[in-house]
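Asks: what's the 3D shape of this:
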Amino acid sequence: MAISVTEILGTDSLSGSRLVLNDNFNVLASEINAMEVYFSPSAGTITGLTSLTTTALKVGGLSPVLDINATTFNIAANVTMNASNLTLTGGGIFRNDTAVVTQDDVLAGPTFTLDIGTSSAVPASTMYRCGNNTVTTVTATLYNGSIGQEIFFMYTEATTGTFRLNAYNNNIVLTGGNTNLDLTAIGQTVHLLAINNGSGVAVWFVVGGTGYSLS
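Replies: Numbering: from 1, shown residues only. As a prediction, the model looks like this:
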């Protein structure tokens, strides 16, 4: 809502304009006080608005973790949903979280071993390309994930060497007492999901895949 004040002309006397000046200051003070119900200059906060319309919004300062405009909605932080659902209507989820480097004999080097995650960090990617162009098995240790985390391994090389996923501290639940998942040909895949073992520890279960074998 626009505010208005009374104009004082150069020909007006100061003493004669005192009431007008006071009225103008009162109008301005009233409007500032009304705005400070929502804006706190000292705290740097805005609260209590019932509606806000803007063409863009950034949260997080110079390195925003939320960036919204007319064409994009980018989130650069973890999102936690407590007792709520994410509903997609006429849309979908597109994953673009593939490890940059293929997990294979070249990456493994002379030890023919790889680590997927560490004892203190969950696997960093959702999708891993893998392969092996040697007769020696490449063994990749799969460390614990976060509960609810999914991970995919896809044999993408036109080779036939064994790429083996080995369970860290028996954290892959497999049938028959097996502890390894083997991929040996292009197109083979395995899809794992980390679930709560009942004691708050994430363990991997195979929930999909094709062509893999157990050992």
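
Asks: roughly how far does residue 136 sit from residue 164?
Replies: When distance is defined by CB to CB, to the nearest Å, residue 136 is 11 Å away from residue 164. Yep, even glycine has a C-beta here, placed from its N, CA and C like the rest.

Asks: nope, residue 69 is what I meant
Replies: Residue 69 is 46 Å from residue 164, by CB to CB.

Asks: between those two, tell me which one has more neighbours.
Replies: Comparing residue 69 with residue 164 by other CB atoms under 10 Å, the one with more neighbours is residue 164, at 23 against 12.

Asks: just the element for that one, please.
Replies: Using DSSP states H and E, the element containing residue 164 is strand 163-167.

Asks: same question, residue 87
Replies: Counting by DSSP H and E, residue 87 is found in no helix or strand.

Asks: where exactly do the helices run in the chain?
Replies: 18-35, 105-108 (DSSP state H).

Asks: could you chop the chain up by domain?
Replies: When the chain is parsed with automatic domain parsing, its domains come out as 14-51, 52-82, 105-214.

Asks: and residue 8, which of these is closest to it?
Replies: Counting by CB to CB, residue 8 lies closest to domain 14-51 out of the domains of the chain; the figure is 4.9 Å.

Asks: avg pLDDT for that closest one?
Replies: Mean per-residue pLDDT for domain 14-51: 84.

Asks: what sits against residue 215?
Replies: Neighbouring residues of residue 215 by CB atoms under 8 Å, 6 or more residues apart in numbering: 164, 178, 179, 180, 181, 182.

Asks: list just the nearest of these to residue 142.
Replies: Of all these, residue 181 has the smallest distance to residue 142: 8.3 Å, by CB to CB.

Asks: the closest one and residue 205 touch, don't they?
Replies: No. Counting by CB atoms under 8 Å, residue 181 stays clear of residue 205, with 11.5 Å between them.

Asks: which of these two has more neighbours?
Replies: The neighbour comparison of residue 181 against residue 205 (other CB under 10 Å) goes to residue 181, with 24 against 13.

Asks: distance check, the nearest residue to the more buried one once chain neighbours are set aside against residue 134.
Replies: Nearest residue to residue 181, sequence neighbours excluded (CB to CB, 6 or more residues apart in numbering): residue 165, at 4.2 Å. Here residue 165 is placed at a distance of 17 Å from residue 134 (CB to CB).

Asks: where does the helix or strand bottoming out on mean pLDDT in the chain sit relative to the chain's centre, distance-wise?
Replies: Using mean pLDDT, DSSP states H and E, the weakest-scoring helix or strand in the chain turns out to be helix 18-35, at a mean of 83. With CA atoms, centre = their mean, to the nearest Å as the basis, helix 18-35 stands 48 Å off its chain's centre.
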